[in-house]
Every structure is written in structure tokens, then in C-alpha cells.
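Undergrad: Kindly return the folded structure for what I paste below:
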Amino acid sequence: MSTVSVRIDETLVRAARAAAKAEYRTVQGQVEFWAKVGRAALDNPDLPASFIAESLMSMAEPHEDSTVFIPRSAAKA
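TA: Below is the predicted model:
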């Protein structure tokens, strides 16, 4: 993966630093995540940004850590 230097407003960097700490990401990782959410939100204007963010986070989780979805109707049977 190649990297590119980008100038970003210091206010945005401070916000990314705070969010990154809470989400256990690097500042660079936080800005990249925000960019992915923003791009997906523009591509899917009818979806809430929170749903997009949660979907992207779940897609990034290792499959070994996921739990199997069992519908309620199957659990009662």
C-alpha cells in the first residue's frame, strides 16, 4: 500500500486524534475510516451514516471472532 502526504486542518486532526483514541485506531486510520464512511454515504444516501459506519466496522472484524446468526424463529423450534 502506498502512502501520500495530505494537508489537513488542525481542527480535524484534533477531532480525529480524539476519535481514534476512543476507537483504538491510529489518527491516519481514523481519517481513512471517516473517508470510507463518507464515500459510502454518498453512494447510499438513503442509509444512515451510523448504519454505514457499523457495517464497515463489522466487515473489518476477523471472521473467527464473529458469532453465527440464529433467527428467533429457529431458536424456538
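
Undergrad: Can you list the buried residues in stretch 12-31?
TA: When neighbours are counted by 16 or more other CB atoms under 10 Å, the buried residues of stretch 12-31 are found to be Ala16, Ala20, Val27, Gln30, Val31. Quick note: C-beta positions are derived from backbone N, CA and C, even for glycine.

Undergrad: Looks like the first one contacts Val31 (just checking).
TA: Yes - shown here, Ala16 and Val31 form a contact pair, counting by CB atoms under 8 Å, at 5.1 Å.

Undergrad: Give the residues shared as contacts by these two.
TA: Shared contacts of Ala16 and Val31 (CB atoms under 8 Å, 6 or more residues apart in numbering): Ile8.

Undergrad: low-confidence ranges in the chain?
TA: 74-77 (pLDDT under 70).

Undergrad: Scan it for its longest helix.
TA: Using DSSP state H to define each element, the chain has its longest helix at helix 27-43.
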